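Chemist: no FASTA, just this:
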């Protein structure tokens, strides 16, 4: 019977690996595979946790789902292609014959009885091993309706890139700006490529000053930065 302790899942994943003294080192952070291949994810505990190790799967927009508990025991409904193994403080989860529905994020969770807290690894993204793809960059100006209300929001879209290694920054007259910037997490498309959106919100008078605003991305598919630039006079 699975104890309630092992069903608890913290809401905030970015605390992974730092609760209490226990550290769970999870590798790799990204694992490209093709359908039918075998995938193995490893978690190493910084100290003994007996067999108090669980594995979770999380898909975009969904709650995490328990797959394996007590290191090796499959939770109800977990397909038999998933298996867990333990060697001292090193734990592995193997998917033998990856299926399309297995592409997701995976997290290990360790529990130490001497310090009753759940500690997560930083996660592994299981992705389709496909060709590197360059981002398509689009920069959109603020709407006239928004400007009339005193603000101006620029929207930058980076679409269809792979792998998920893109970096995006905003510039004003070639100087990086961070105030007013909001960037979404990457979203996976049906072709297993990635997309990111980012906004830069300014006072309307700053937009009207005719400064040049740029969205700049770097990615391993590119030989240099990819840039889209816009200014108010070009949007009349």
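Modeler: Thanks, I have the structure now. Nothing here was measured: the structure is a model prediction, and the numbers come from that model.
Chemist: Can you show me the helices along this protein?
Modeler: Remark: helices assigned in the chain by DSSP state H are 144-148, 204-208.
Chemist: Serialize these to TSV and add fields for mean neighbour count, mean pLDDT and distance to residue 67.
Modeler: C-beta: built from backbone N, CA, C; applies to glycine. Below are these laid out as TSV (neighbours: other Cβ atoms under 10 Å; pLDDT from 0 to 100; distance: least, Cβ to Cβ, whole Å):
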stretch	mean neighbour count	mean pLDDT	distance to residue 67
helix 144-148	12	95	45
helix 204-208	16	95	49
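Chemist: For these, give me TSV that also has distance to residue 88.
Modeler: Formatted as TSV, these follow (distance: least, Cβ to Cβ, whole Å):
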stretch	distance to residue 88
helix 144-148	58
helix 204-208	58
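Chemist: give me the low-pLDDT residue ranges for the chain?
Modeler: Residue ranges of the chain with pLDDT under 70: 1-20, 236.
Chemist: if you set the cut-off to 80 instead, what comes out?
Modeler: 1-20, 114-116, 185, 187-190, 235-236 (pLDDT under 80).
Chemist: Give me the domain ranges for this protein.
Modeler: Using automatic domain parsing, the domain ranges for the chain come out as 4-128, 136-235.
Chemist: Give me the buried positions along stretch 169-177.
Modeler: 169, 170, 171, 172 (16 or more other Cβ atoms under 10 Å).
Chemist: Quick one: residues in contact with that stretch.
Modeler: 154, 156, 178, 181, 198, 200, 211-217 (Cβ atoms under 8 Å, 6 or more residues apart in numbering).
Chemist: could you check the distance from the closest residue to residue 139 other than its chain neighbours over to residue 153?
Modeler: Using Cβ to Cβ, 6 or more residues apart in numbering and skipping the chain neighbours, the partner closest in space to residue 139 is residue 228 (3.7 Å). Distance of residue 228 to residue 153, computed by Cβ to Cβ, to the nearest Å: 15 Å.
Chemist: got it, and residue 29?
Modeler: 32 Å.
Chemist: more crowded one of these two?
Modeler: residue 153 (17 against 11; other Cβ atoms under 10 Å).
Chemist: ok, that one - contacts?
Modeler: Residue 153 makes contacts with 142, 146, 199, 200, 201, 202, as judged by Cβ under 8 Å, 6+ apart.
Chemist: Neighbour-wise, which one of the residues you listed leads?
Modeler: Highest count within those by other Cβ under 10 Å belongs to residue 200, 25 neighbours.
Chemist: from the buried residues of stretch 169-177, which is closest to residue 191?
Modeler: Nearest to residue 191 among the buried residues of stretch 169-177 is residue 169, at 25.9 Å by Cβ to Cβ.
Chemist: That closest one bridge partners, please.
Modeler: Residue 169 forms beta bridges with residue 216, as assigned by DSSP bridges.
Chemist: From residue 51, how far out is it?
Modeler: In this view, residue 169 and residue 51 are 45 Å apart by Cβ to Cβ.
Chemist: With residue 115 instead?
Modeler: Going from residue 115 to residue 51 by Cβ to Cβ gives 17 Å.
Chemist: same deal with residue 185?
Modeler: As judged by Cβ to Cβ, residue 185 and residue 51 stand 33 Å apart.
Chemist: quick one on the thing from earlier: with distance to residue 136 as new columns, can the buried residues of stretch 169-177 be given to me in TSV?
Modeler: Output for the buried residues of stretch 169-177, formatted as TSV (distance: Cβ to Cβ, whole Å):
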residue	distance to residue 136
169	18
170	18
171	19
172	23
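Chemist: Great, nothing more from me.
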